[in-house]
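Undergrad: how would this look folded up:
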Amino acid sequence: MLVLLFSSQLLAEKLAPTSNGPITKQTTSVYTFGVVPQYHNRKIIRIWRPILDEIRKQTGIVLNLAGAPTIPAFEKKFMKGELDFAYMNPYHILKASNSQGYIPLVRDGSRKLRGILVVRKNSPYKSAAELNGQVVALPSPNALGASMLLRADLESTFGIQVKPKYVQTHSSVYLHVAKGLVVAGGGVMSTFMSQKPEIKDRLRVLFTTRGTIPHPIVAHPRVPRRDIKEIKSALLAMGKTPEGRALLAEIPIKDIQPSSINEYKALAGWGLDRYYIQKKLHK
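TA: Below you'll find the model as predicted:
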């Protein structure tokens, strides 16, 4: 299992905001910001820290990254309302809205989220239908595109079921397949394309699921409306400059647009609840 482990002290140091560049407004508020852990912690920090720093420069609002080593750990945080802001998958926002009232702010308008099934480039498998009963690497039970939607579409399209091997992150899925530890693995196109060439070039996409509106950035309703509005405006403003677009593209968000919960309600009718595993939330 390829999961980067940090001591709490080291992680806190890495998640702390930096002071690069001038701050145009005096700091007014401090909030937590969670990110669904599709990648290992170092990559999440590399992607998100500059974005949160830019928001701080524009608004004076400090957003501290709240680390979660696994997707289930991330789910516990937002289901208990521990995160003030977060970047989460489309199915998560349905759960987060129902449990805590989280509000979608922005999303990418340039693409749809689709699950993919990858195999080694030299794999003998020509169709996903041949994988019935095979062990397949998946990030976690509740990863939307890479697990839930993939399993649902494999069953509805081919009438097959696979045996999940949960390996925590998308990057770990691709590594497991590339090394031949499993015959196939589930991911999404954005994380697949971001892999290093020595991994990506050893894989090919065997199957692609139907598409849905991608991950939103969301806010907890306890955050004052003024601060929610400022952060949303700052994110949308980033999409209007070359520098801001370059930062957002790392998420990836290539065409940032306002979002709302109504955009995600169609997912409730896709039959994904049967694949969702509700973890008990300990106090």
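
Undergrad: where in the chain is pLDDT low?
TA: Along the chain, the parts satisfying pLDDT under 70 run over 1-27, 279-283.

Undergrad: show me how it divides into domains.
TA: Domain ranges of the chain: 8-110+213-275, 113-212, per automatic domain parsing.

Undergrad: can you say which of the ones you listed is packed in most?
TA: domain 113-212 (a mean of 19; mean count of other Cβ atoms under 10 Å). Yep, even glycine has a C-beta here, placed from its N, CA and C like the rest.

Undergrad: ends of it, what's the gap?
TA: Start-to-end span of domain 113-212 (Cα to Cα, to the nearest Å) is 5 Å.

Undergrad: repeat that for stretch 63-81.
TA: 16 Å.

Undergrad: chain center to that stretch, what's the gap?
TA: Stretch 63-81 sits 11 Å away from the centroid of its parent chain (Cα atoms, centre = their mean, to the nearest Å).

Undergrad: end to end, how far does stretch 74-88 reach?
TA: So stretch 74-88: terminal residues 9 Å apart, Cα to Cα.

Undergrad: check stretch 153-169 too.
TA: Start-to-end span of stretch 153-169 (Cα to Cα) is 21 Å.

Undergrad: so which residues of the stretch 101-250 of the chain form helices?
TA: 149-158, 170-178, 189-193, 197-200, 225-238, 242-249 (DSSP state H, counting those that start in this stretch).

Undergrad: got the contact list for the residue positioned nearest the centre of the chain?
TA: Central residue of the chain (Cα atoms, centre = their mean): residue 36, 4.3 Å from the mean position. By Cβ atoms under 8 Å, 6 or more residues apart in numbering, the residues touching residue 36 are 68, 71, 74, 86, 87, 88, 89, 92, 215.

Undergrad: which one of those residues sits closest to residue 129?
TA: When these are ranked by distance to residue 129 (Cβ to Cβ), residue 89 comes first, at 26.6 Å.
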